[in-house]
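Novice: Give me the fold of what follows.
(2 chains)
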2 protein chains.
Amino acid sequence: TFHVRRRAQSQLELAASYVSDAQYNRNIHFETSSQAIRLHKIYNHWAAQRVIYLFVLVDLLLALFEEPAVYLLPIWVTLSMELVCLLTFVGRLAHFSKIIPTKVFWRDAKNICLIITIMLTLIDMTVYWAVVITGHDTVRWSRVLRPLFCVNFTESRQLRRAFRNIRHTLPEILSVFVLFMFSVAVFSLMALKLFEKRNLTTDKGAPYFTNYLDIFFELYVLVTTANSPDVMMPAYNVSWGYSIFFIVYIIINTYTFMSVFLAVVYNNYKKHLKNEVRKLVFMKHRKMVEAFNLLKVQHGSEFIILEADWSQLVRIVAPEIPSAHRALLWRVCDEDQKGYVGQEAFIQLADLLNIQVVQMKERIHPLEVRMPSIYTSAVSQFIRRMVKHRGFRYMYDFIIVVNTIFICGDEANPYISEAEWVFLTLYLIEIMLKLYTYEPRVYFAKNQFWNWYDTIIVLAALLGTVINTALKSANGYSNQQILDIVFILRILRTVRIIDSFYRFRILLNTLLNLLPTMLTYAMLTVIVYYTFAIIGMEAFKGRIRFYGSNSSDPAANYCGNPALKGTQFAADGYCKNNFNNIIHSFILLVELTVVNQWHNILFDIKYKKKIWIYFVIFHVVVVIIFINIFIAFVLEAFFVEHSLARSAVETALEKKIQELGMGFYQPDGQLVDVTEMNENYSSIDDTKLETRLKFKIASISESTLLHADPRDPTHKSMQFFNKN
Amino acid sequence: TFHVRRRAQSQLELAASYVSDAQYNRNIHFETSSQAIRLHKIYNHWAAQRVIYLFVLVDLLLALFEEPAVYLLPIWVTLSMELVCLLTFVGRLAHFSKIIPTKVFWRDAKNICLIITIMLTLIDMTVYWAVVITGHDTVRWSRVLRPLFCVNFTESRQLRRAFRNIRHTLPEILSVFVLFMFSVAVFSLMALKLFEKRNLTTDKGAPYFTNYLDIFFELYVLVTTANSPDVMMPAYNVSWGYSIFFIVYIIINTYTFMSVFLAVVYNNYKKHLKNEVRKLVFMKHRKMVEAFNLLKVQHGSEFIILEADWSQLVRIVAPEIPSAHRALLWRVCDEDQKGYVGQEAFIQLADLLNIQVVQMKERIHPLEVRMPSIYTSAVSQFIRRMVKHRGFRYMYDFIIVVNTIFICGDEANPYISEAEWVFLTLYLIEIMLKLYTYEPRVYFAKNQFWNWYDTIIVLAALLGTVINTALKSANGYSNQQILDIVFILRILRTVRIIDSFYRFRILLNTLLNLLPTMLTYAMLTVIVYYTFAIIGMEAFKGRIRFYGSNSSDPAANYCGNPALKGTQFAADGYCKNNFNNIIHSFILLVELTVVNQWHNILFDIKYKKKIWIYFVIFHVVVVIIFINIFIAFVLEAFFVEHSLARSAVETALEKKIQELGMGFYQPDGQLVDVTEMNENYSSIDDTKLETRLKFKIASISESTLLHADPRDPTHKSMQFFNKN
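Specialist: So this is what the prediction gives:
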């Protein structure tokens, strides 16, 4: 048996790698030599990943210090920083190449893309350095490629998946876009034929609708509603009949086509997301089967894994799990207590490891452990009953209302600024009382949004107020920035009152459940913004200058660009809407996303065409695709919330699983299906799903009721648990 | 048996009334006396309904001729016109009161509402007449009530249902709206605390963010994006940090909350629509059971209706149906040819009568009937084969492209204006050839959108061109309006090229399927616009004047209102955006719906608050509710289209029925369910459903293949029919 155990040890290591990959949804075809397995483990270590994230971030942030810079650093500093980043990336790639077979490495588009990007960046850096040293000016075009580092490292799976979804959605969007452009073109032709010979002028005296391309441009702007109703006014002033043309145009192009875009994006994004999830489930299943095959022993007619092997495997995969927890996991897998698991039960393991198993015993308050006599005394019990009483909540709701009235008052009044200390104290007392009553780990549970909110806001406000008071007594005046933050914190504190209204709480929870999904999505948006910002800076930097808000320089009236004299841009005081550094660029891009006034913001008479192309691409990518995905997420969140509110939670979940086609591989392994969704499907009902998982596990050992706070958002689901 | 037959005759009349009510989804609890039944029949006659519609329309259109009028008529004319309308309404009500029991009449909120509206209108008319005759000026406030006539007559069921749905949706919208307003209020407070003491000014020199209500107003405007980025610029000019405040605001309020509104409206409107449809199905079922009970005879253990009774009943309900068609209907009901129908089969009748049964025999071309020798000759057959060949279509696609190029050319060129005649002739030849090849009733079938489109556009263009040429040769110059129309028709003709691309055809069909539903919805919008227009006119008329586009009057620069001197409104030349007559008001309301610049359009310094309330109500009703329902319809259309494209048509339909909970009352009467949807559920897949119905009927007699044009949008569904 010695020989068998030794063989099993190396196999255990390999199986552990498979399970770990399945657990984190990695899809790496690593080599099975023991050296490769060791390197694979290091490669996937969280610290190694964090280092790469850090250097990607540094690489992106270099834009702050490069020409056109927010804070200009010497070129050699930024270039050498970038070189360090690139070297790290090369190292990471080299490490990766050691893990997987050479053939696989060179067939992977991600790696090729990274290598090419690194090489191009190096070439660009060299050229740039050489050109700048000779005193000339040139473009650092490789900066546009930086977001590729964000996306193409193996650990950015989520981002890549989201991008892939968008890419798959493109063909259908394209066909709608072509039809939409055709519609705009036809309307432009009509407008040309209607107005060409009329010799109309705009209110600025410019000729109105005489050139096809100008009309096309104006009508495209009208789709974004940015020039409504100005574009219609000259025609409308002649006869109201012409306004029918514009109204029909708006109904068809602004309303119908924009809704169609939403529908197409929504439909396709959801569909492709479903496919991705299916693929992931399949991959995970395959990895687990491989691990199973390594460790299986024959038992009668079936293959099984013995408890000893299973236990050792888990110890290697997740050394941080305490043995009690591991025993619990084993009981979940081996429901019938047979001492071994079959393939079906074994495959669950990857998901079981992902579940944050809540300590299901009623936690004992640390104070009760340390000084039980005091904590269980009559006074202490009275205090705890009082805190749990609804009157306590009402009292603090009242305090919040009074606080709000004080905030609205004038800060200069000494009574009001003194009152702030009273309120701060009251809020601190509330938090402390609650921490006295509830077990701290329960109070600061992951889903206790408002407890976290209260604590962070109150502590930050306390800190701010103390610092401000200290500064004031030291220097005699307040620091404006700290004061600003303190003001905002004070007002944010009062927002908690929403939580006291059931309807608002439900609404807010729905929105809060969206946040995790939105994070991936927000990163995607930042990447797209970054690319557009870099392009914008290289193309349009320095063309518009901002002279400060109270400049007496006459050039300030036309933003230092004579071409802007007399334009709407200058008249509106938009000088700071420029591409002169990355922060300005980002803010400008937000303004373009909001769309209003974009045709004035981008007004640059000489470069109108170039800017138009820039905007149309931006409009399609950000406004038509990204904003619509955002809206689709919110819609989906409400549909799920809605169906959950009406029927039993479980039924809805089961239905949802069926809808997503997730009940496919594991007809009776519901747990796996649910966790699959929980981990991978970037949907909106994570907490809900988690609750169900808790339920599933909780049903094993009987007396395991989680302490349920009535203000806990999962409270309802827990009731459901109790009923069953 | 004589006695039985006589008794049956009066019962037949009553049963026919029930069936008729069920057929048209009427829900009138009429009395069962034979006089009431006769009156009921007259009341529901299409002519009587058309008269009411006409007078409601006249009543609404009176706004064109009343102060502030498009074309002012003397007061006595409009007042007496209105009186005539009111008298008609009274007559209609009196008629209705004769049909239903008095108690029921007075319990019906619709009738009470109508009576009160009529009385109020009469009082207002009298007072107005008296005041005007004494030379004073007063408000005709009862005009706001006119849309009630549109909604409250029994025949406006669709409108009422739509309104009811919206009303049911309101509570949930309200709760989101309160939260949204709370959010705006909190942000306003933050803005006040941040900027109050900064002494900032806007680029117009006005103080920036110093007053809470002004800030609230500005931030509400920002939600509509109308003042982005202007509202941010002063703060942004001081420091880019402040722009974070505005970006967070936009993400939360403009994007998230507006998406939540869409989600809530979508969810609730759909839910309530489903309930309405369920109620309707139930009502229809009840009516049909009542009719059944009147005519049933016992047959063994079950009750049945004999063919003779059934046939007589159908003759009374639908005298226009030819006997062949009636026989067909009977065969559908009596599938097993037993000579009688049970209750289940009888209940289908109401829906069967609604189906436009397509003559399923291959129609014989009228020319073939008249001159068979010529029509079947070799030449004729060659022509027909040619027309059916895809080359014919390609040829005309090419002609359209050439035509487009000519249209883009300069009209003054004689070659180009002559070429127009050539193209017109070519298009006419195309239509005539097609009519020669296809049976006219097939060519002009209801769902042959493009055939109708072609014919109408080409004939109108022909007419316009002829009239224009005639006028030109008579007067020597063209009439500009006719020319405008001819130009537009020419361009519209070229749009048909979309139909040649499969993807675009699919897209367009999806949108076209929406049109019928949208009609009810458009009427609703017009009613809401009308109400707002009347209120707007009474409140704001004459305050802003338009002096013509080339006026030299100095007052033209500030629209005749000194308060507007130096405002953005005057600078933008918005003088015609006023409430000075109903047409201007409607156009203004469209501009407000598009939202952009609304804060400038409604700028009226003295009445800012009043106008703000007006806009916020308008914004909530039209932009938040109506536009979102519109978007919801488009989304729904695409979801249905999408699911139909992927799976078998039938499965999708069945699923849809299940989803809508329509398979509830008639577990095996699928036909009823489907038609219910077809008739009542103002959804989007009417043609699809109709196809299925045809299929159901078609399956009875074998050799009944509808002539399938490859360009026919139902072609695909017909293939499905063939397969089965």
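
Novice: Can you tell me what sits against stretch A:414-426?
Specialist: By Cβ atoms under 8 Å, 6 or more residues apart in numbering or on different chains, the residues outside stretch A:414-426 that reach it are A:396, A:399, A:403, A:406, A:409-411, A:458, A:461-462, A:465, A:490. (Each C-beta comes from the backbone N, C-alpha and C, glycine too.)

Novice: what do you get if the cut-off is 6 Å, keeping everything else the same?
Specialist: Applying Cβ atoms under 6 Å, 6 or more residues apart in numbering or on different chains, the external contacts of stretch A:414-426 come out as A:399, A:403, A:406, A:409, A:462.

Novice: Quick check: the gap between the nearest residue to residue A:160 once chain neighbours are set aside and residue A:396.
Specialist: Distance criterion Cβ to Cβ, 6 or more residues apart in numbering or on different chains; nearest residue to residue A:160, sequence neighbours excluded, is residue A:151 at 5.7 Å. As for residue A:151, its distance to residue A:396 is 46 Å (criterion: Cβ to Cβ, to the nearest Å).

Novice: repeat for residue A:526
Specialist: Taking Cβ to Cβ as the measure, residue A:526 falls 38 Å from residue A:396.

Novice: Can you pick out the residue with more neighbours from those two?
Specialist: More crowded of residue A:526 and residue A:396, by other Cβ atoms under 10 Å in any protein chain shown: residue A:396, with 19 against 15.

Novice: quick one: contacts for that one?
Specialist: For residue A:396, the contact set (Cβ under 6 Å, 6+ apart) comprises residue A:430.

Novice: What sits closest to residue A:602 if chain neighbours are left out?
Specialist: Nearest residue to residue A:602, sequence neighbours excluded (Cβ to Cβ, 6+ apart): residue A:611, at 4.7 Å.

Novice: correction: residue A:235
Specialist: Once flanking residues are discounted, residue A:235 sits nearest to residue A:242: 3.8 Å by Cβ to Cβ, 6+ apart.

Novice: To what extent is the one you found buried, counted in neighbours?
Specialist: Here the number of neighbours of residue A:242 (other Cβ under 10 Å) works out to 20.

Novice: what does residue A:493 give?
Specialist: Residues near residue A:493, counting by other Cβ under 10 Å: 22.

Novice: Repeat that for residue A:385.
Specialist: 11.

Novice: per-residue confidence at it?
Specialist: The model reports residue A:385 with a pLDDT of 90.

Novice: Tell me which helix or strand it sits in.
Specialist: Using DSSP states H and E, residue A:385 sits within helix A:378-388.

Novice: List the buried residues in that helix.
Specialist: Buried positions in helix A:378-388, judged by neighbour count with 16 or more other Cβ atoms under 10 Å in any protein chain shown: A:380, A:384, A:387.

Novice: The last one contacts residue A:435, doesn't it?
Specialist: No: here residue A:387 does not reach residue A:435: they are 9.9 Å apart, not a contact under Cβ atoms under 6 Å.

Novice: Tell me, how many residues neighbour the residue nearest to residue A:129 when sequence neighbours are not counted?
Specialist: Among residues not flanking residue A:129 along the chain, residue A:79 sits closest, at 6.3 Å (Cβ to Cβ, 6+ apart). For residue A:79, the count of nearby residues is 19 (other Cβ under 10 Å).

Novice: pLDDT wise, what is residue A:79 at?
Specialist: Confidence score, pLDDT, at residue A:79: 93.

Novice: cool, the one 4 residues further on as well?
Specialist: Looking at residue A:83, its pLDDT stands at 95.

Novice: Could you do residue A:111 as well?
Specialist: For residue A:111, the pLDDT comes out at 91.

Novice: how about the residue lying closest to it once chain neighbours are set aside, secondary structure?
Specialist: In this structure, residue A:111 finds its nearest non-sequential neighbour in residue A:105, 5.8 Å apart by Cβ to Cβ, 6+ apart. Here residue A:105 takes the helix state, with states given by DSSP: H, G, I helix; E, B strand; the rest coil.

Novice: pretty sure residue A:105 contacts residue A:98?
Specialist: No: the criterion here is Cβ under 6 Å, and residue A:105 misses it with residue A:98 at 9.2 Å.

Novice: Check the gap between the residue nearest to residue A:111 and chain B for me.
Specialist: As defined by Cβ to the nearest Cβ, to the nearest Å, residue A:105 lies at a distance of 38 Å from chain B.

Novice: Kindly tell me how buried that residue is, as a neighbour count.
Specialist: 17.

Novice: Which pLDDT value does the model give it?
Specialist: In this model, residue A:105 is scored at 90, pLDDT.

Novice: can you put the contacts of stretch A:414-426 in JSON lines and add pLDDT?
Specialist: Below are these laid out as JSON lines (pLDDT from 0 to 100):
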{"residue": "A:399", "pLDDT": "92"}
{"residue": "A:403", "pLDDT": "90"}
{"residue": "A:406", "pLDDT": "87"}
{"residue": "A:409", "pLDDT": "80"}
{"residue": "A:462", "pLDDT": "91"}
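
Novice: Make a markdown table from those and add distance to chain B to it.
Specialist: Below are the contacts of stretch A:414-426 laid out as a markdown table (distance: Cβ to the nearest Cβ, whole Å):
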| residue | distance to chain B |
| --- | --- |
| A:399 | 17 |
| A:403 | 12 |
| A:406 | 12 |
| A:409 | 11 |
| A:462 | 18 |
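
Novice: What subset of the residues you listed is buried?
Specialist: For those, a burial check counting by 16+ other Cβ under 10 Å picks out A:399, A:403, A:406, A:462.

Novice: what's the following helix or strand after whichever helix or strand the last one is part of?
Specialist: Right, the one you point to is residue A:462. According to DSSP H and E, residue A:462 maps onto helix A:449-475. The helix or strand immediately downstream of helix A:449-475 is helix A:480-494, counting by DSSP H and E.

Novice: quick check, distance from that following helix to the centre of its chain.
Specialist: Chain-centre distance of helix A:480-494: 25 Å, with Cα atoms, centre = their mean, to the nearest Å.

Novice: Give the buried residues for the helix or strand following that helix.
Specialist: Counting by DSSP H and E, the next helix or strand C-terminal to helix A:480-494 is helix A:502-540. The neighbour-count check on helix A:502-540 (16+ other Cβ under 10 Å) flags A:504, A:507-514, A:517-518, A:520-521, A:523-525, A:527-537, A:540 as buried.

Novice: overlap between the residues you listed and the residues near chain B?
Specialist: Here is what survives when the buried residues of helix A:502-540 are matched to chain B using Cβ under 6 Å from any Cβ of the partner chain: A:504, A:507.

Novice: Return the distance of the residue nearest to residue A:129 relative to residue A:132.
Specialist: 9 Å.

Novice: Could you find the closest non-adjacent residue to residue A:512?
Specialist: Residue A:512's closest residue in space is residue A:449 (Cβ to Cβ, 6+ apart), at 5.8 Å.
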